[in-house]
Structures are given as structure tokens and as C-alpha cells.
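>>> Structure of the sequence below:
(chains A and B, ligands or ions: 2)
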Amino acid sequence: MTIDGVEYVVRFENVGLRYGLGPEVLQDISFALEPGSFHFLVGPSGAGKSSLLKLMYLALKPTRGLISLFGHDIAITRRGDLPGLRRRVGVVFQDFRLLPHLSTFDNVALPLRVAGGRESDIEKNVVELLSWVGLKDHLKARPPTLSGGQQQRVAIARAVIARPKLLLADEPTGNVDDRMAMRLMHLFEELNKLGTTVVIATHNEGLVNRMGHSCLRLEDGWLEVRGPDSGSAGQTVAAGLSPSILGGAVGRKPESAA
Amino acid sequence: MFGHRSDLPLDKDPLSRFLPWLIAFMVYLAVLALAGALVLNAVIVRWDRGVTGTLTVQIAPLERPPSVSAADARADEERRQKAVLDLLRSVPEVARAEALDDQRLMALLEPWLGTTEVAEDLPLPGLVDVELKPGTSLDAAALGARLAKAVPGTSIDDHKIWLERLVRLIRMVEAVASVVLMFIGLATVGTVVFATRTGLAVHQEAIEVLHLIGAQDSYVAQQFARRALVLGLRGGLVGLVLAVPTLFGISYLAAHLEAGLLPDVDMGPAHWLALISMPLAAALIAMVTARMTVMRTLARML
Ligand SMILES: Nc1ncnc2c1ncn2[C@@H]1O[C@H](COP(=O)(O)OP(=O)(O)O)[C@@H](O)[C@H]1O
Ligand SMILES: [Mg+2]
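Residues are numbered from 1 along each chain as shown, chains lettered A, B, ... in the order given. Ligands and ions are numbered 1, 2, ... in the order given. Below is the predicted model:
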């Protein structure tokens, strides 16, 4: 599905989400991400950052609205085609979700195996990546024996090992020190330079300001879109913003509700 | 296929530990039921060949006025008997036709008539034992008609009625055995469905992660199916190993307690093959059931 000749990696249109019969956690979310763009998703705890990412990695279905991933309307995508879409998405879960009975190596190898990769290629790639994130000596370790920061790096390695077209990371630097946080951010930027669209949910505003990428701000279930380096709050930019953002402040809180 | 890496720790499930025993039990019962059915079937085949190869011709003594002397009556009966024997021996299918002598006749009748003194005075029928040439069959009714015409008062018994009743009984027992086998199969399927559903629930989180990183349902199903196959084989072999001595025990007892009632039957290699394939059948049922259960359960997920 293309609009203005661009095939968006992700497109949300008037998406709403509620859990069970509860209130709408996300309301009227509309945005689109261009291929190769880099975004932070910020907002206070409980604003719905994780929920928004879950919609993007197809762990949840929206209560209303349209979500399209790589041009596929997920509401009408056949169940058998979902794994193909998911393989193009790498996810760093907030709680890692490593498989505790598998070694570090096997956890990171999982996306390649699931996609039917050759064992010889898998070995080389996994070891290389784990060395890069400083876990070369823990290939055989089980996640529960690793520190929080080490587990986080395993989770990140698993998310990027298959060179996803879209990388979604939920608080990926929450358990590591600043130096490791920057190192991991640079890993994401490298991946981004190779064409991966990146969305990183974080409440670490310092990090966001240091990096200077476009920013999606969630507040009370409403989404606000800002271009890079737009310092002061409320200054939402509809045009002239990072070209990767479509539609500007379409999800902005209406004045009456403010 | 075996020793293949698994992404889910299925072998640590509590169910993984008791499923093989359940399958062992099922296979044990299935082997006994199947062996019983096969033996009975062999018995029927045996009877069809063995017992129907013989006929008995009965020559009822004629009613004679009291004026006829006993010696004359005896001579007359012997003449009738000879006529029957001559006729029987002229039939090409007949291998042997022999009259039962009085002594054997008495021995046969003793259980019913008591001491032979009582029987001495009774007019006894003459019995002729007829053996057919192996592999031939003959129309007993037509032969009976010919005999009755030539020597009035004869009748022929090809043991058919007696045999047919037994065969019917055995067929019924076989049907029961088949139903038992079917129920064992169903119980196995039910057990595996239950075990698989439990496994899916236990590993729900890991399965969700597999899904989210792009695993097809079949990738997950394959892990359960492979596990079920291994457990099924393991349990099935245990069941078979336990069933074989039981079978030998039963056949030993049968041979010693009921010698002569049942014809001696040996199970052929085909029968043994059928018994040995039961664990394999159980394992395949377990594998297919596990796979279908996973596929159907996952199809209801996002
Ligand atoms: N599984 C769930 N069931 C019910 N409510 C949930 C669930 N997950 C999140 N929520 C609610 O949705 C809101 C947004 O949560 P979340 O997306 O985790 O926010 P964030 O990641 O920004 O902290 C919160 O009010 C939270 O209580
Ligand atoms: Mg969160």
C-alpha cells in the first residue's frame, strides 16, 4: 500500500485500543513511518508506549482503526502470512522474554532457525553478534544466570540478528549503564543506516535529546509527533518535520480535552 | 529426527513423564486384544480346513418284526453297512471310509449310556467315519441323498451346524476385540490431546515468543509432534515388552489346561509383525494427534 509513492513501513489510522472492557488506552492514533527512519517513542510510564509497540509487532489487535505493516492491512492478512511479516520485525521486549531453558546462543539463533536458516550460517552470525555486544564468554549460559544488563543485550542481539526491516525496542537501555546504553544506541543507528526503520520507546529524555531523532510523544493515550530537536513541549510540527513522519499531529489531544 | 534440538523444554513437563506409561498400558492391552483376535481367526481357518475334511455317515438300524432272528438282523445290518462303504469308497473325493467297530462305538457312548451291559441290547446305529482328500470339498447334501436312496435310513453329518455355531461365537468375540482395539485407539488419542493441550498451556509464553519472532504454527506443532512420537515409541515398546511374556503365559496355560479343545495354532510371521507394529502405530497416532491438536489450538490465537 503506497501513499504518494512511498510504501510506509508502518501506518496507523485512527487506531484505538482498550484492554477488555477498560478505558481506551490508546485513542485515535494516526501516523506513518517511512523506510529507514529513526524514532523515539516517549511519554510517562503508563502512557501506552508498550501497548503501541505491541500493536506494531502484532501481539495485539486494535479495538478500532487500521494498522498496516509493510503495506499489508493486518486486519485482512491471513494468519499463515503473519509469520512472514513478523520475521521482518525485530523486537526488544521490555521484559526481554528470553527462553530460560535455552542458552544465550540458542536464544539469539532462534529467529534464524524459525525462518529455516542454515545451521552453519547461523553459528557464524550469532557468535559474531554476541561478541560485538560483549557476551562472547557467555554463549552457553542460560539467561537466568545472566545479569539484567547482559540479558538485555541478549534480547537486543536476538532482535537484530535477522536484519529486520523494522526494529521495535521497548526501554532497551533500562538495565545498562550510560556507556553501554550509548553503545547499544549506536548499534541501532548502524542498523538504521543499513535501512532498518527503528522505533525506541524510552522515558530517558536525556538520551533522546542527546541523539536528536524524531520523537513520538504519548500522553494519556494520545500521540503527538515532533521533529528532531524541537525542544519545547507543545510545539508540534506538521510540516517540515522529519520526512519520515506523516500527517504531523493527527493524533493530538483535542483542545476541549486539554 | 531423534536428538533434534527442541526450543521448548517439553521433556521436563510432568505429562511427558506419565504419557509413556499410559501409552505402554494402551499398547499392552492392544497387543493382547489383537493377539486374541488373531488366534481365534487362526482357529476358524484351521477348523474350516481340518474339521470340514471329515464326514460322519450314520446308518440307523431298521425296525424289524420280532420274528426276525437276531443273527439275521445282524447280517442284514452288516450288508447295509457294506453297501454304504462301497458307495462312499467309489466317490473320488473320499480318501478313506471306515466303519467304527462296536468297541469304539461303545466307548463313545459310555459317558451317556453308562455301563456297556445296558447298551448291549440296544439297537445301535452304525457309524462310518469318512475322510476327504485334502484340498477337496464335496456337496454333502447331494452325497447324503445318494446314500439315502441306495441304503434307506442313512444320514450324513458334515459337522457344519455345530461348526457354524462355534464360528459365529468366535466372530462375535473377534468383533468385541476389534471394538476394544478401537476404544484403546480413542483413549490414546484422548490422552495425547489432553497432554498436548496441557503442554501448550504450560509453554504458552515461550510459544508466544516463538510466534512473535516469526514461527509458523507448524514449527511449534513439529516440536510437540516429535516429542509425542518419541514418547509414544518409548511407551509402546515398554507395553510390547510386557505383553509378550503375558501372551506366552496365556498360551502355556491354554495348552496345559484345555489341551485338545482348541486346535493347535501357531501365529505366523505376519501375526507377529502385526503385534510388533502396535508400538509404532501408537507412536504414529500420538504424533499425528499432537500435531493436529497444536495446529487447531494455535489457529485460535492471534
Ligand atoms: N495486559 C493488560 N491488561 C490491562 N491493562 C493493561 C495491560 N497492559 C497495559 N495495560 C494498561 O494500559 C496502560 C498503558 O500501559 P503500557 O502500554 O504498558 O504503558 P507504558 O509502556 O507507556 O508504561 C496502563 O494504564 C496499563 O495499566
Ligand atoms: Mg512499557
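>>> average pLDDT across the host helix or strand of B:Val193?
Element membership of B:Val193, judged by DSSP states H and E, is helix B:160-202. Averaging pLDDT along helix B:160-202 gives 89.
>>> after it comes which helix or strand?
Immediately after helix B:160-202, counting by DSSP H and E, sits helix B:204-212.
>>> so what does the next helix or strand after that following helix touch, helix or strand wise?
Toward the C-terminus, helix B:204-212 is succeeded by helix B:217-257 as the next helix or strand (DSSP H and E). Contacts defined by 3 or more Cβ pairs under 8 Å, 6 or more residues apart in numbering or on different chains; DSSP states H and E place helix B:217-257 against helix B:14-50, helix B:160-202, helix B:204-212, helix B:269-298. Backbone N, C-alpha and C define where each C-beta goes, glycine included.
>>> wait, does the helix holding B:Val193 make contact with chain A?
No - taking Cβ under 8 Å from any Cβ of the partner chain as the criterion, helix B:160-202 and chain A are apart, separated by no less than 12.0 Å.
>>> Identify each buried residue in whatever helix or strand A:Arg179 lives in, please.
Assigned by DSSP H and E, A:Arg179 belongs to helix A:178-193. For helix A:178-193, the neighbour count (16 or more other Cβ atoms under 10 Å in any protein chain shown) marks A:Met180, A:Ala181, A:Arg183, A:Leu184, A:Met185, A:Leu187, A:Phe188, A:Leu191, A:Asn192 as buried.
>>> Stretch B:17-24 now?
B:Leu19, B:Pro20, B:Leu22, B:Ile23, B:Ala24.
>>> ok, so what distance separates the first one from ligand 1?
Yep, that's B:Leu19 we're talking about. 33 Å (Cβ to the nearest ligand atom, to the nearest Å).
>>> Which of the helices and strands packed on helix B:217-257 sits closest to A:Lys140?
helix B:204-212 (19.2 Å; Cβ to Cβ).
>>> Show me what the closest one is in contact with.
A:57-59, A:83, A:86, A:91, A:97, A:99, A:110, A:114, B:7-8, B:200, B:219-220, B:298, B:301-302 (Cβ atoms under 8 Å, 6 or more residues apart in numbering or on different chains).
>>> Tell me what angle that helix forms with helix B:160-202.
Between the axes of helix B:204-212 and helix B:160-202, defined by axes from the mean of the first three to the mean of the last three Cα atoms, to 10 degrees, the angle is 80 degrees.
>>> in helix B:204-212, what's buried?
Buried, per 16+ other Cβ under 10 Å, within helix B:204-212: B:Ala206, B:Ile207, B:Val209, B:Leu210, B:His211, B:Leu212.
>>> Leaving out the residues flanking it, which one is nearest to the residue in chain A positioned nearest to chain B?
Of all residues in chain A, A:Arg87 sits closest to chain B, at 3.5 Å by Cβ to the nearest Cβ. Nearest residue to A:Arg87, sequence neighbours excluded (Cβ to Cβ, 6 or more residues apart in numbering or on different chains): B:Gly214, at 3.5 Å.
>>> and the one you found, what does it touch?
B:Gly214 neighbours (Cβ under 8 Å, 6+ apart): A:Pro83, A:Gly84, A:Arg86, A:Arg87, A:Pro111, A:Val114, A:Ala115.
>>> low-confidence ranges in the chain?
As the question left the chain open, I've gone with chain A. Within chain A, the stretches with pLDDT under 70 are A:1-6, A:226-258.
>>> Oops, wrong one, chain B.
Ranges of chain B meeting pLDDT under 70: B:1-4, B:46-52, B:111-122, B:257-267, B:302.
>>> mind giving me the domain ranges of it?
B:10-49+B:164-301, B:61-152 (automatic domain parsing).
>>> of all the ones you listed, which lies closest to A:Val25?
Once the domains of chain B are compared by Cβ to Cβ, domain B:10-49+B:164-301 is nearest, at 19.5 Å.
>>> The closest one: end-to-end distance?
End-to-end distance for domain B:10-49+B:164-301: 20 Å, by Cα to Cα, to the nearest Å.
>>> Helix, strand, or coil at the residue nearest the centre of chain A?
Centroid-nearest residue in chain A, with Cα atoms, centre = their mean: A:Leu168, separated by 1.4 Å. Following DSSP: H, G, I helix; E, B strand; the rest coil, we place A:Leu168 in the strand state.
>>> hang on, the earlier thing: which elements pack onto the helix holding A:Arg179?
Against helix A:178-193 (3+ Cβ pairs under 8 Å, 6+ apart) you get strand A:38-42, helix A:148-160, strand A:166-170, strand A:197-201, helix A:205-211.
>>> and the angle for it with helix A:148-160?
0 degrees.
>>> what's in contact with helix A:178-193?
Contacts for helix A:178-193 (Cβ under 8 Å, 6+ apart): A:36, A:38, A:132-133, A:149, A:153, A:156, A:160, A:163, A:167, A:169, A:172-173, A:176, A:198, A:200, A:204, A:207, A:211.
>>> May I see the ChimeraX selection of the buried members of those?
To isolate in ChimeraX the members of these that are buried, counting by 16+ other Cβ under 10 Å, one can use:
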select /A:38,133,149,153,156,160,167,169,172,173,176,198,200,204,207,211
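>>> how many other residues sit next to the residue lying closest to B:Leu100 once chain neighbours are set aside?
Leaving aside its chain neighbours, B:Leu100 sits nearest to B:Leu127 (4.4 Å; criterion: Cβ to Cβ, 6+ apart). Residues near B:Leu127, counting by other Cβ atoms under 10 Å in any protein chain shown, number 18.
>>> next one: A:Leu66
16.
>>> same deal with B:Glu63?
B:Glu63 has 7 nearby residues by other Cβ under 10 Å.
>>> Got the phi and psi for it?
Backbone geometry at B:Glu63, expressed as degrees, to the nearest 10, gives phi -70, psi 130.
>>> do the same with A:Val89
Torsion angles, degrees, to the nearest 10, at A:Val89: phi -120, psi 130.
>>> any idea how far it lies from A:Arg158?
The gap separating A:Val89 from A:Arg158 is 12 Å, by Cβ to Cβ, to the nearest Å.
>>> out of these two, which sits in the more crowded spot?
A:Arg158 (28 against 24).
>>> can I assume the more buried one is in contact with A:Leu110?
Yes - at 6.5 Å, A:Arg158 counts as touching A:Leu110 under the criterion of Cβ atoms under 8 Å.
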